[in-house]
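Trainee: Next input, structure requested:
(one chain, ligands or ions: 1)
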Amino acid sequence: MSRRNEGNWNSAVLAWQLTQKAKCLDLPDRLVSARREISGRIVFTTSFGVEDQAITHAIFTQGLNIYVVTFDTGRLFPETLEVWVETERRYGRQIHALLPDRVGVEMLVERDGVSGFHRSLEARLACCEVRKVEPLVRALAGATAWITGLRADQSAERAWTPYCSFLPRDRLVKINPLFDWSRNRVVAFIQDHRVPYNPLHDRGFLSIGCAPCTRAVLPGETERAGRWWWEHGEKTECGLHADHPAWRPEPAQFEA
Ligand code: SF4
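Mentor: All right, here's what the predicted structure looks like:
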């Protein structure tokens, strides 16, 4: 077995072991366990939604050496920027920022206009690529693990979200510590621990991204229906999670 294949195999085994250990652990202990078992740089990407705020709370209150970063796309809601400030104030820790490549944004706006993402799915994905995906690649450069706030019941596309997987293409362990939590459980966690949260959630914005691409969800709509709503559910992802894990457990195998 080549050294690269051996490394991939070890990481896949580690992902499986972390999954087994996490079954009976609450959020903070899942993160403590991940930090203890994984060597190297661990990156947590936050967009300041309730899930990400719960994870941020756990990382900061446990004093974990995990790099917390957000993508300042240039199109965020003022309320999102406020919760960023408030979170840093509450925990006394910095949330790092990655901005899009200036030349990339200038070329995009030159070609598609300042809000060209409304024109077509391709134009929208091009904007997400420049403002989110390319910064994500930089955020994860040299990292051994990536933590996200994905939950399996957020959408049909996320139903197969595992607790932990190994991404061989990127040679990354990806951990979704809230994969088996319901939204109500996340909200209860936020309330119990008085975690700062985005006030837009109280106005029906269940999933919050860039301001021009997010609206409040109407009664009966799914959680992510307010994201790129004009595409009529054609695609409710921005490309950040377009990975293809080599190994996936059955969905919802943990008890809530
Ligand atoms: S969510 Fe909208 S504004 Fe933000 S990067 Fe994607 S297309 Fe661009």
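
Trainee: what does the model give the closest residue to A126 other than its chain neighbours for pLDDT?
Mentor: The shortest distance from A126 to any residue that is not its chain neighbour, by Cβ to Cβ, 6 or more residues apart in numbering, is 6.4 Å, and that residue is L108. Just so you know, the C-beta spots here come from the backbone N, C-alpha and C atoms, and that holds for glycine as well. Taken from the predicted model, the pLDDT recorded for L108 is 97.

Trainee: check which helix or strand covers L108.
Mentor: Under the assignment given by DSSP states H and E, the secondary-structure element containing L108 is helix 102-112.

Trainee: picking that back up, next, count neighbours for the residue nearest to A126.
Mentor: Look at L108: counted by other Cβ atoms under 10 Å, it has 21 neighbours.

Trainee: if I pick it, what's in contact with it?
Mentor: Taking Cβ atoms under 8 Å, 6 or more residues apart in numbering as the criterion, L108 is in contact with G116, A126, C127, V130.

Trainee: Read off the pLDDT value for the nearest residue to A216 once chain neighbours are set aside.
Mentor: Counting by Cβ to Cβ, 6+ apart, the nearest residue to A216 once its immediate chain neighbours are dropped is G204, at 3.3 Å. Confidence per residue is given as pLDDT, and for G204 that number is 96.

Trainee: about what we covered before: which of the residues in the next helix or strand after the helix holding L108 are buried?
Mentor: Counting by DSSP H and E, the element after helix 102-112 in chain order, helix or strand, is helix 121-128. Of the residues in helix 121-128, those scored as buried under the neighbour-count criterion (16 or more other Cβ atoms under 10 Å) are A123, R124, L125, A126, C127, C128.

Trainee: Report the spatially closest residue to the most centrally placed residue in the chain, excluding sequence-adjacent ones.
Mentor: With distances taken as Cα atoms, centre = their mean, T148 lies nearest the centre of the chain, 3.8 Å away. Nearest-residue entry for T148: N176, 5.4 Å, with adjacent residues in sequence omitted and distances by Cβ to Cβ, 6+ apart.

Trainee: What count of nearby residues applies to the one you found?
Mentor: Using other Cβ under 10 Å as the criterion, N176 is surrounded by 24 other residues.

Trainee: Return the distance of it relative to L27.
Mentor: Relative to L27, N176 is positioned 11 Å away (Cβ to Cβ, to the nearest Å).

Trainee: again with V195
Mentor: Plainly put, V195 is 11 Å away from L27 if you go by Cβ to Cβ.

Trainee: what do these two both touch?
Mentor: Residues touching both V195 and L27 (Cβ under 8 Å, 6+ apart) are A54, F189.

Trainee: Compare these two (neighbour count), which wins?
Mentor: Comparing V195 with L27 by neighbour count (other Cβ under 10 Å), the higher total belongs to V195, at 23 against 20.

Trainee: Give the helix, strand or coil label for that one.
Mentor: In three-state terms, and counting by DSSP: H, G, I helix; E, B strand; the rest coil, V195 is coil.

Trainee: dump the residue contacts of it.
Mentor: Shown in contact with V195 (Cβ under 8 Å, 6+ apart): Q53, A54, T56, H57, R90, F189.

Trainee: how much space between the second one and A143?
Mentor: Here A54 is placed at a distance of 21 Å from A143 (Cβ to Cβ).

Trainee: quick one: which of those two has more around it?
Mentor: A count of neighbours by other Cβ under 10 Å puts A54 above the other of A54 and A143, at 25 against 18.
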